[in-house]
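J.: sequence first, predicted model second:
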Amino acid sequence: MSDTRRLNGKVAIITGAANGIGRAAALIFAREGASLVLADINEASLAQVREDITGIGGSVVIQKTDVSVEEEIKSLIGLAIKTYAKVDILVNNAGISGLLPSLEDQDIKEWRHIFDVNIMGPVYATKHIVKHMKERRQGSIINIASVAGIRSGAGGNAYSASKAALINFTQTSACELGGSNVRVNAVCPGLIETEMTRPFFEYARSAGKELQVGKYCELRRAAKPEEVAWAILFLASDEASYITGQALPVDGGISASLSLPGRKI
Ligand SMILES: NC(=O)c1ccc[n+]([C@@H]2O[C@H](COP(=O)([O-])OP(=O)(O)OC[C@H]3O[C@@H](n4cnc5c(N)ncnc54)[C@H](O)[C@@H]3O)[C@@H](O)[C@H]2O)c1
């Protein structure tokens with residue numbers, strides 16, 4: 001019987017794979033037959049994800065990597081090619097939130113740090129993988145942006161600006177690389193329960209307000225990391241072979257509506 005797993009024989013790099021959406025994508029990719037190269041700054045949690053994946057029979061290597069450091073990204077891509085001889089999929093998922101005080105109280109160092117991780121990380125990884133993907137005339141790059149990069153009001157201003165930059169970088173990269181059969185897309189999550197949003201969910205539960213979490217999106221709820229990972233899987237797979245340059249919201253419909261407080265019943 002032939003192997004019908006959707007990423008059978010593919011090799012994928014996922015950054016920020018120790019938690020949340022990256023971890024969920026790693027597990028789903030492994031179940032769908034991909035060999036994995038996983039990166040994160042959180043070494044202990046990353047090692048746990050490796051255990052989880054080997055536990056389900058997956059093939060995986062991990063490397064502690066700070067995506068904001070170009071040399072570390074280069075080394076990660078080198079490890080992937082040394083281990084598996086090729087890379088088919090790159091998921092630029094590592095990201096940080098931040099900056100909610102009003103503009104005049106903001107620290108420019110924090111702006112730079114958010115940009116270093118959220119946009120320069122994907123820039124370094126794309127820069128160092130494209131020669132390999134172009135030579136093989138095959139590749140799918142997925143950048144994890146945010147609805148915050150499409151509309152304001154879903155994060156701090158530096159976070160939103162970094163995700164808007166990432167969506168635009170996705171489009172310019174797709175245009176440059178389309179002729180080499182390398183696809184580049186973004187996924188724009190709405191409100192997902194992960195380590196990043198844990199304080200928000202914990203506060204809502206402690207205040208008895210959990211039913212209000214996510215209520216302004218059309219589906220009236222927040223999502224699980226797996227619900228984003230399934231969209232990443234689709235864009236990574238050959239089922240998306242004619243899709244490039246797109247920013248796919250996975251947000252319960254919030255980017256489709258005006259979401260006026262009090263309007264929804
Ligand atoms: N959770 C949400 O509601 C939400 C919404 C929209 C977009 N996103 C985006 O999804 C992506 C994943 O976030 P998540 O919600 O799973 O968060 P998370 O905090 O659970 O996971 C992010 C991971 O990235 C790692 N990381 C942080 N900085 C890093 C760096 N410099 N180098 C390498 N790894 C680093 C963290 O250690 C962590 O394991 C991020 O890009 C985030 O902006 C999340």
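T.: Everything's here; your move. Just so it is clear, the structure is predicted and the values come from calculations on it, not from any experiment.
J.: quick one, strands of the stretch 151-265 of the chain?
T.: Ranges of strands within the stretch 151-265 of the chain are 182-189, 247-250, based on DSSP state E, counting those that start in this stretch.
J.: burial-wise, tell me which of the ones you listed comes out on top.
T.: Each of the strands of the stretch 151-265 of the chain was assessed for mean neighbour count using mean count of other CB atoms under 10 Å. The highest is strand 182-189, with a mean of 26. C-beta coordinates here come from the backbone N, C-alpha and C atoms, glycine included.
J.: poorly predicted segments of this protein, please.
T.: Within the chain, the stretches with pLDDT under 70 are 259-265.
J.: where along it do the helices fall?
T.: Using DSSP state H, the helices found in the chain span residues 20-31, 43-55, 70-84, 108-115, 121-136, 157-177, 198-206, 225-236.
J.: could I get the strands of the stretch 151-265 of the chain as CSV with distance to the ligand?
T.: Formatted as CSV, the entries for those read as follows, by distance: least, CB to the nearest ligand atom, whole Å:
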stretch, distance to the ligand
strand 182-189, 4
strand 247-250, 9
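J.: residues of stretch 211-228 that come out buried?
T.: 213-214, 216-217, 222-223, 225, 227-228 (16 or more other CB atoms under 10 Å).
J.: contacts for it, please.
T.: Defining contact as CB atoms under 8 Å, 6 or more residues apart in numbering, one finds that stretch 211-228 is touched by 20-21, 23-25, 28, 144, 187, 189-194, 197, 200-201, 204, 250-254, 256-257, 259, 261, 264.
J.: cool, stretch 177-186 as well?
T.: In this structure, residues lying in contact with stretch 177-186 by CB under 8 Å, 6+ apart are 126, 130, 133-134, 137-145, 149, 166-167, 170, 173-174, 235, 240-241, 243-248.
J.: one step back: buried subset of the contacts of stretch 211-228, written for PyMOL?
T.: This is how PyMOL selects the buried members of the contacts of stretch 211-228, with burial counted by 16+ other CB under 10 Å:
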select buried, resi 20+21+23+24+25+28+144+187+189+190+191+192+193+194+197+201+204+250+251+252+254+259
